[in-house]
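**Q** pasted the sequence and its predicted model underneath.
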Amino acid sequence: MRKPSETPEIAVSGPDGIFGRHNITEALLAALKGTPLVLLDGPQQSGRSTLARWPAENKHKAAYFTLDDAAILSAVTRDADAFLRATFGPTVIDEVQLAPVHQHR
């Protein structure tokens, strides 16, 4: 079992199957330094949540919210703008695909 301080690995795959496990945390940390928003996209069970959580808990301290949590999803569904205004500093929002589509007026 991985210790919280160890860097996670992510499975990289293509049409011919899994190519291997790769440590991409340094690339993620570099992206976090250069842009206010980083999207982690990939197939189910590829390690996205682990990868998103790791810098938030270690080198790049950030608040971590997951929309898998019914209370968080409810708050976002009720008023996404208010939820985002209530966050301060670096923030990770995991499982964002669970949120309903929100359009600005």
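**A** Perfect, I can see it now.
**Q** quote the end-to-end distance of stretch 74-94.
**A** Terminal residues of stretch 74-94 are spaced 14 Å apart (Cα to Cα, to the nearest Å).
**Q** what's the residue most central in space within the chain in contact with, if anything?
**A** The residue lying closest to the centre of the chain (Cα atoms, centre = their mean) is Ala52, at 3.7 Å. Contact partners of Ala52, counting by Cβ atoms under 8 Å, 6 or more residues apart in numbering, are Leu40, Tyr64, Val92, Asp94. In short, each C-beta sits where N, CA and C put it, glycine included.
**Q** out of those residues, which two sit at the greatest distance?
**A** Taking Cβ to Cβ as the measure, the contacts of Ala52 span a maximum distance of 13.0 Å, between Leu40 and Tyr64.
**Q** related to what we said a few turns ago, tell me which of the contacts of Ala52 has the lowest pLDDT.
**A** When the contacts of Ala52 are sorted by pLDDT, the bottom entry is Leu40 at 78.
**Q** quick one, phi/psi of it?
**A** phi -100, psi 120 (degrees, to the nearest 10).
**Q** hmm, it is touching Arg48, no?
**A** Yes: Leu40 is within contact range of Arg48, at 4.8 Å (criterion: Cβ atoms under 8 Å).
**Q** number of residues surrounding Thr25?
**A** Here the count is done by other Cβ atoms under 10 Å, and Thr25 has 19 residues near it.
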